[in-house]
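Chemist: dropping the sequence and predicted coords here.
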Amino acid sequence: MSLKFSVLASGSTGNAIYVETAGQKVLIDAGLSGKKMDELFAKNGLDPSSLDALLISHEHSDHIKGAGIFARRYNLPIYANEKTWKAMDSALGTLTTDQKFHFEVEETRTFGDMDVQSFGVSHDAAEPMFYTFTHGGRKLSVITDTGYVSGRMKGIVGEADAYVFESNHDMDMLRMGRYPWSVKRRILSDVGHVSNEDAAHAMADLLDTNDKAANIYLAHLSKDNNMKDLARMTVEQTLASRGYETGGSLKLYDTDPSVPTPLTKV
Ligand SMILES: [Zn+2]
Ligand SMILES: [Zn+2]
């Protein structure tokens, strides 16, 4: 029985990641409209009514936009930490008490035959956190929406077989772009998003401590300050400068704001 996942949508316009084992199907974030969420599931031949749980990373709208609608439509339990619940509760609309569950930072929970570990990230939300998923000796780590990747985060996400890793912006595009300085400063800050280059250095640090085969999905690309080819090229070059060639046992994959990645074994 294997661990499988699909990045249904990723980017500053909306995020949703699907993870399944034979016994369990979970969704991390539902950051698009209910209609778009349904379309993403359909594109991959997946059935949202078979979901067991919805895990929320933080209350920004690109992560919760369709969460309330989806939870009501498919009668899903939602898991989030207490501060995130407080911050997002009114935005989700009416839910029954048996749909609201706490999942605190740095907690490991078992969902059927899948172990899920949460960890805090550095981002300007109430208490943002992301997750690792393990099953049958395989591990998937999801880390986006963080201003930097700390040693503590690396310790938790490391030794994974697959990563969904934020590669948010190109430094030069952001600096030269049309965003007001206050927004640029927010993105560049410790509680914003990681650049292509910083993401690649964090990946290299992870590989330094455990040089195993890995599939890395470049995620949460900025619509205005990044491009898939540029993200990939920058990450490839930075990894190469650290001694890691991509294409062999280390592979990079794109994600897209509206096209799901194929359901793939971790
Ligand atoms: Zn965010
Ligand atoms: Zn986000």
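Modeler: It's in. Ligands and ions are numbered 1, 2, ... in the order given.
Chemist: interface residues of the stretch 51-200 of the chain facing ligand 2?
Modeler: 62, 145 (Cβ under 5 Å from the ion). Using the backbone N, CA and C atoms, a C-beta is placed for each residue, glycine as well.
Chemist: got the residue ranges for the strands in the stretch 51-200 of the chain?
Modeler: Counting by DSSP state E, counting those that start in this stretch, one finds strands in the stretch 51-200 of the chain at the ranges 53-55, 78-80, 100-102, 108-111, 114-120, 129-135, 138-143, 162-166.
Chemist: how about the third one: buried residues?
Modeler: It refers to strand 100-102. Buried residues in strand 100-102, counted by 16 or more other Cβ atoms under 10 Å: none are found.
Chemist: mind putting the strands of the stretch 51-200 of the chain into a markdown table with mean pLDDT?
Modeler: Shown next, in a markdown table, are the strands of the stretch 51-200 of the chain (pLDDT from 0 to 100):
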| stretch | mean pLDDT |
| --- | --- |
| strand 53-55 | 98 |
| strand 78-80 | 98 |
| strand 100-102 | 97 |
| strand 108-111 | 97 |
| strand 114-120 | 98 |
| strand 129-135 | 98 |
| strand 138-143 | 98 |
| strand 162-166 | 98 |
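Chemist: those: which one's closest to ligand 1?
Modeler: Counting by Cβ to the ion, ligand 1 lies closest to strand 162-166 out of these; the figure is 9.9 Å.
Chemist: so what pLDDT did the closest residue to L207 other than its chain neighbours get?
Modeler: Using Cβ to Cβ, 6 or more residues apart in numbering and skipping residues adjacent in sequence, the residue nearest L207 is Y244, 5.5 Å away. pLDDT for Y244: 95.
Chemist: wait, doesn't K4 sit right on A162?
Modeler: No - K4 is beyond contact range of A162, at 10.0 Å (criterion: Cβ atoms under 8 Å).
Chemist: what touches both of those two?
Modeler: 264, 266 (Cβ atoms under 8 Å, 6 or more residues apart in numbering).
Chemist: ok, those two, which is more surrounded?
Modeler: Between K4 and A162, counted using other Cβ atoms under 10 Å, the more crowded position is A162 (24 against 20).
Chemist: isn't the more buried one up against A213?
Modeler: No - using Cβ under 8 Å, A162 is not in contact with A213, being 9.8 Å away.
Chemist: anything in contact with each of the two?
Modeler: With Cβ under 8 Å, 6+ apart, A162 and A213 have no common neighbours.
Chemist: please save the CA atoms from the strand or helix carrying L218 in PDB.
Modeler: Element membership for L218 (DSSP states H and E) is strand 214-219. Below are the C-alpha coordinates for strand 214-219, written out as PDB (Å, rounded to 0.1, in the frame of the first residue of the first chain):
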ATOM      1  CA  ALA A 214      14.200  12.900  -3.900                       C
ATOM      2  CA  ASN A 215      11.500  14.400  -6.100                       C
ATOM      3  CA  ILE A 216      11.100  18.100  -5.400                       C
ATOM      4  CA  TYR A 217       8.000  20.000  -6.500                       C
ATOM      5  CA  LEU A 218       8.600  23.700  -6.800                       C
ATOM      6  CA  ALA A 219       5.500  25.300  -5.300                       C
END
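Chemist: mind listing the strands that strand pairs with, and their directions?
Modeler: Here strand 214-219 is paired, per DSSP bridges, with strand 162-166 (parallel), strand 250-254 (parallel).
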